[in-house]
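Asker: only geometry, no sequence info:
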């Protein structure tokens, strides 16, 4: 409707203008009451050094047809010397043959000869020899890393050399166009460092990037995350990214407990914590018809978590989610036999992970693209609006035959990010690059997108709108997986329908005869035109694990995700349709995930979406 309204107004104005012109006569003078105007059309508004742009002037309501005079306000243009081919209706702007420095703007002005009070100007951006550097992220904490990328313009080589000032932290993984800055492990005060990239063919051309390094834990919206093998002694959780949160009784600042080694998971929504890790903290359960509300979380591999839903205040970094439902994970007092079973229950014969040894963590911090654990694309499958509720919530004490109950939104386990007062529209995960294996990897979990200077989506990022399944497509080795997803809680690249052999011992992972380098897959939004190519490697898991028995971070770990052909039956996908981009995808990248229904400033793509 707005477009139609604008069109109607434009037509009305032009019609009135035509009537005025028709009344003016033709006596060699400008009609009384009709102003002269100038429209300029440049051939280009963005040029490089040594290039030109031709500007054409169209003068309306000048009965003398005298045209315009030209002038320029531009770098390297004394007495309008940058203007050639000057006529009353056109001119050519010539950029300097060469210059060093940031782009500048040349302003070319046309002045009416018939009425010198009437002018019009056009701005042309001119780019010379230069080096620009981006740092992702530009704010980090002690021990964290930032990925640096240099772009060289108007020089014969794209390569640079790198330098650091002051000597605070280290530069590593240097190439001709990229490097990685790593902050010291101990930082006592906020410090700014400058990384400079200098052209290899012209030493006078360079560009800086400034990175702010804060002491650990000081970022108001930044939480440290670490891949360190997990909390179970003698057991290594490979590629598990862990965070620490503080859980309190609602409204209390003292009746609290801090829980570490919560798995950071962009594939689920809500905080789930083992009851054994609450150290006696008692939270008030949420009830349904006078009975305690219990939650079931089922995972793709058949495992599940079970336990009460309780209200808590959740504190992460400087953010707080007040009085939200969380999942307190524990087997019922009567044992696993009292967990509802069968297709409409929780226990489908998979692994009960209601303990630290089985889970390999102290809980799960679900920060994925939905606000509630029972909502998808604005549809809630547990509040009764879709008929019989999904098998997620149960009123207990329960038995193996208990049936799911309706749970209103306010009682459902909630993504804590969605409940923050600010910085509540999504998350950003950043890790430095990890090669085949590393002992540990330190990263950051930043809350909010385009809400602060440390969570801004760069202009170079590709934004992938998710479909109603929170999915996108991945095409690898000629096979398209339309239900692909990002999942920091998965510890590898899990790929369907592939000829890569699985291991005989670690059957969930690949064991190719040699390292599969230079692999690539095309990612594409199912609902927009966004597309891109992701490069990765798949290595032999036996070689990775046996050769690095104490390491926790593996950048080339992958495994099978089904082998049946993906088909559509009665409008539903069936078979192996998902490429799971697990934690290795996050290594060396800054990855954004926006929550469904949230607003992200300066972004036109509807949520939910992901970007990097």
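Answerer: On my side now, so go ahead. Since the structure is predicted, the reported quantities are computational estimates derived from the model, not experimental observations. Residues are numbered from 1 along each chain as shown.
Asker: quick one: mean pLDDT over the helix or strand hosting residue 134.
Answerer: According to DSSP states H and E, residue 134 maps onto strand 130-136. Averaging pLDDT along strand 130-136 gives 86.
Asker: in that strand, what's buried?
Answerer: Judged by neighbour count (16 or more other Cβ atoms under 10 Å), strand 130-136 contains these buried residues: 130, 131, 133, 134, 135, 136. Backbone N, C-alpha and C define where each C-beta goes, glycine included.
Asker: repeat for stretch 106-116
Answerer: For stretch 106-116, burial by neighbour count (16+ other Cβ under 10 Å) applies to 106, 108, 109, 110, 111, 112, 113, 114, 115.
Asker: quick one: strands adjacent to the helix or strand hosting the fifth one?
Answerer: Okay, so that is residue 111. Using DSSP H and E, residue 111 falls within strand 104-112. Partners of strand 104-112 in the sheet, by DSSP bridges, are strand 68-73 (antiparallel), strand 119-127 (antiparallel).
Asker: average pLDDT across that strand?
Answerer: Here the average pLDDT along strand 104-112 is 93.
Asker: same thing with stretch 303-314?
Answerer: Mean pLDDT, computed over stretch 303-314, is 96.
Asker: please apply the same query to stretch 500-509.
Answerer: 94.
Asker: what sits up against the host helix or strand of residue 53?
Answerer: Using DSSP H and E, residue 53 sits in strand 52-60. With contact meaning Cβ atoms under 8 Å, 6 or more residues apart in numbering, strand 52-60 is reached by 36-45, 47, 65, 67-68, 70, 85, 88-95, 108, 110, 112, 114, 120, 122, 124.
Asker: just name the shakiest helix or strand of the chain by mean pLDDT.
Answerer: Taking mean pLDDT, DSSP states H and E as the measure, the helices and strands of the chain show their lowest mean at helix 2-22, namely a mean of 25.
Asker: C-terminal to it, what's the next element?
Answerer: Where DSSP H and E defines the elements, the next helix or strand beyond helix 2-22 is strand 37-42.
Asker: contacts for that following strand next, please.
Answerer: 53-61, 68, 108, 110, 112, 118-122, 124.
Asker: and stretch 600-612, by the same measure?
Answerer: 369-370, 425-426, 449-451, 457, 461-466, 470, 472, 486, 528, 530, 589-599.
Asker: rewinding a little: pick the most deeply packed of the strands paired with strand 104-112.
Answerer: strand 68-73 (a mean of 19; mean count of other Cβ atoms under 10 Å).
Asker: okay, helices next: where are they in the stretch 201-350 of the chain?
Answerer: Using DSSP state H, counting those that start in this stretch, no helices are found in the stretch 201-350 of the chain.
Asker: shaky segments in it?
Answerer: The model of the stretch 201-350 of the chain has pLDDT under 70 over residues 217-219.
Asker: could you pull out the strands for it?
Answerer: Assigned by DSSP state E, counting those that start in this stretch, the strands in the stretch 201-350 of the chain fall at 206-214, 222-227, 242-248, 256-265, 269-274, 287-288, 291-298, 304-316, 319-329.
Asker: tell me what the fourth one is packed against?
Answerer: With contacts defined as 3 or more Cβ pairs under 8 Å, 6 or more residues apart in numbering; DSSP states H and E, the secondary structure elements packing on strand 256-265 are strand 242-248, strand 269-274, strand 363-367.
Asker: how about these, which one is nearest residue 535?
Answerer: Closest approach to residue 535 among the helices and strands packed on strand 256-265 (Cβ to Cβ): strand 363-367, 25.9 Å.
Asker: follow-up on the earlier one: quick one: which of the buried residues of stretch 106-116 is nearest to residue 193?
Answerer: Using Cβ to Cβ, residue 106 comes nearest to residue 193 of these, at 34.8 Å.
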